[in-house]
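>>> give me a model of this one.
(one chain, ligands or ions: 1)
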Amino acid sequence: MLEGKNIILGICGSIACYKSAILTRLLIKAGANVKVIMTKDATHFIGPLTLSTLSKNPVYTEYFNPTTGEWNNHVDLALWAHYILIAPTSANTLAKFATGLCDNILTAVYLSAKCPVFLAPAMDLDMWKHPATRANIQKLQSYGNIVIQPGNGELASGLVGEGRMAEPEEILHFLKSQDERKLPLLGKKALVTAGPTYEAIDPVRFIGNHSSGKMGFAIAEELQRLGAKVHLISGPTSLNLSGENITRYDVVSAEDMRREVEKIFPVCDITVMSAAVADYKPKLVAENKIKKDEQEFNIKLVKTTDILSGLGRTKRDGQILVGFALETNNERENALKKLEKKNLDFIVLNSLNDKGAGFQSDTNKITIIDKHQTEETFDLKSKEEVAKDICSKILAIIK
Ligand code: CTP
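Next comes the predicted model:
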């Protein structure tokens, strides 16, 4: 569930720092993007190189990068994060957070954060029990911070009691369960089509189109991030994606796609048909490679089945159906016709006249028109951002 989540891992000075390396590894293995911020004291316990190697990102220890002389922008770092996790949180940093003290990059990021903050304290038994620490914890919880309780056991001081940082596996489990609770599409099934279809002419040639599949893949990943179990049916593309909640089916022709879609559609709550399905296919497919014997050569084409129209006819109440319209002229009018004819909840219109929109590019510019003809036009954005806008519309309908 932490797939694609941006996590800032703050590390304070404590012997529990050695567990932070394992924690970083677990977060990365769970698919999260991790950036580590260390206090100066933390760097005495564990080398930043270990953490930068494991996190695959530079480690931040200063406001300024001493080698490049650049400013480590604490506000940007805080806004990048979906979650901030401070593990271990020392008694000192706990007190700084509680009073709003801001004397290093970690405390500055904490104060700038808008996302959930998780604190995994680690300290000696008596420090943990001290009324000052108790008051700080209470105050931080009242601000909405989430405390991952320390464990009981042998401490570095030789004392036995509460204060040991929770084990990395426990912290990961805690984070995952908090993450799931917030997922608005948990328990929902989604179907996404992506990419082009290839219609065979003979064993080596086909009729295809320039669709890259990027838009559909970005939508599948965003739906998964929101908690849905996703079935992605993709035409030929070189794209890869990961995630335990996306099942991918590779197809070639419009007919292959129709077969797979119709199997899965009945159990799906959300269907987004972003594939550029061929509208026509050769009536006959030559068994052998066609030779260039003739001066002119004609291929007779017949219509493929309009998959989306078929879904529109059978869709049940509560099933959300989204279509795409890629137009070159009379864009709005054509999109409105498709919206109605295919019985869609909304249609995503993109025009080839908009620079940076459509096939192959990493960006897209869309207008969403829903069945009540409410219309929203968005700026040119990365396809990942466009996927977020499309999924926000889905969420608004589901609520
Ligand atoms: N679509 C489909 N099956 C087809 C053709 C299209 O399911 N055989 C879906 C696409 O995935 C898209 C929507 O229908 O979501 C619109 O496709 P488009 O080709 O733009 O529209 P058409 O209805 O085919 O009309 P035209 O090609 O004439 O513009």
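>>> which residue, other than its chain neighbours, is closest to Arg248?
Take Arg248 and drop its neighbours on the chain: the residue closest to it by Cβ to Cβ, 6 or more residues apart in numbering is Leu232, 4.8 Å away. Glycine gets a C-beta too; all of them are placed from N, C-alpha and C.
>>> list the strands paired with the host helix or strand of the one you found, with their directions.
Assigned by DSSP states H and E, Leu232 belongs to strand 229-234. Using DSSP bridges, strand 229-234 pairs in its sheet with strand 189-194 (parallel), strand 246-250 (parallel).
>>> end to end on stretch 262-279, go ahead and measure it.
The straight-line separation of the ends of stretch 262-279 (Cα to Cα, to the nearest Å) is 18 Å.
>>> could I get the buried residue list for it?
By neighbour count on 16 or more other Cβ atoms under 10 Å, the buried set for stretch 262-279 is 264-265, 268-278.
>>> is it anywhere near the ligand?
Yes: residues of stretch 262-279 are located near the ligand by Cβ under 6 Å from any ligand atom, namely 273, 275, 277, 279.
>>> could you list the contact residues of the chain toward the ligand?
So the chain meets the ligand at 193, 254, 273, 275, 277, 279, 304, 306-308, 323-326, 338 (Cβ under 6 Å from any ligand atom).
>>> kindly recompute the last result at 5 Å.
Neighbours of the ligand within the chain, by Cβ under 5 Å from any ligand atom: 273, 275, 277, 279, 304, 306-308, 323-325.
>>> widest-spaced pair of those residues?
Farthest pair in the residues of the chain next to the ligand (Cβ to Cβ) is Thr304 and Ala325. Separation: 16.9 Å.
>>> who has more neighbours out of those two?
Applying other Cβ atoms under 10 Å to Thr304 and Ala325 shows that Ala325 carries more neighbours, namely 22 against 18.
>>> tell me the bridge partners for the more buried one.
Leu349.
>>> show me the contacts for it.
Taking Cβ atoms under 8 Å, 6 or more residues apart in numbering, we find Ala325 in contact with 331, 334-335, 338, 347-350.
>>> which of these lies closest to the ligand?
Lys338 (5.2 Å; Cβ to the nearest ligand atom).
>>> for the residue of the stretch 101-250 of the chain found nearest the ligand, name its beta-bridge partners.
The ligand sits closest to Thr193 of the stretch 101-250 of the chain, with a gap of 5.9 Å, by Cβ to the nearest ligand atom. Residues in a beta bridge with Thr193, per DSSP bridges, are Ile233, Met273.
>>> what about Ile146, neighbour count?
Residues contacting Ile146 under the criterion other Cβ under 10 Å number 16.
>>> domains of this structure?
Listed domain ranges for the chain are 6-180, 189-398 (source: automatic domain parsing).
>>> turn the ones you listed into a markdown table, columns for mean pLDDT.
Shown next, in a markdown table, are these (pLDDT from 0 to 100):
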| stretch | mean pLDDT |
| --- | --- |
| domain 6-180 | 93 |
| domain 189-398 | 95 |
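>>> who are the contact partners of the residue nearest to Arg248?
Leu232 neighbours (Cβ under 8 Å, 6+ apart): 192-194, 216-217, 220, 241, 246-249.
>>> before we move on, back to that, now the strand holding Leu232: buried residues?
Neighbour counts over strand 229-234 (16+ other Cβ under 10 Å) mark 229-234 as buried.
>>> quick one, helices of this protein?
Along the chain, the segments classed as helices by DSSP state H run 17-29, 40-45, 48-55, 74-80, 91-99, 105-112, 125-129, 131-142, 168-181, 214-225, 254-264, 307-314, 331-341, 383-398.
>>> Lys5 is nearest to which of those helices?
The minimum distance between Lys5 and these falls on helix 168-181, with 7.0 Å, by Cβ to Cβ.
>>> contacts for the closest one?
Counting by Cβ under 8 Å, 6+ apart, 1-2, 5, 7, 19-20, 22-23, 26-27, 30, 83, 85, 87, 116, 118, 120, 146, 148, 151, 166, 186, 227 sit against helix 168-181.
>>> mind checking which of the residues you listed are buried?
Buried among those (16+ other Cβ under 10 Å): 1-2, 5, 7, 19-20, 23, 26-27, 30, 83, 85, 87, 116, 118, 120, 146, 148, 166, 227.
>>> right, and Asp41 touches Cys12 too?
Yes: the pair formed by Asp41 and Cys12 meets the contact definition of Cβ atoms under 8 Å, at 6.9 Å.
>>> what is in contact with the two at once?
With Cβ under 8 Å, 6+ apart as the test, Asp41 and Cys12 both reach Ser90.
>>> who has more neighbours, the two?
Cys12 (31 against 16).
>>> name the nearest residue to that one, sequence neighbours excluded.
Ser90 (3.8 Å).
>>> list the contacts for Leu23?
9, 87, 168, 171-172.
>>> on that earlier part again, just the strands paired with strand 229-234: most buried one?
Scoring the strands paired with strand 229-234 by mean neighbour count under mean count of other Cβ atoms under 10 Å gives strand 189-194 as the most buried, with a mean of 27.
>>> and the contacts of it?
For strand 189-194, the surrounding residues in contact (Cβ under 8 Å, 6+ apart) are 211, 213, 215-217, 219-220, 223, 228-235, 237, 257, 261, 264-265, 267-275, 277, 307.
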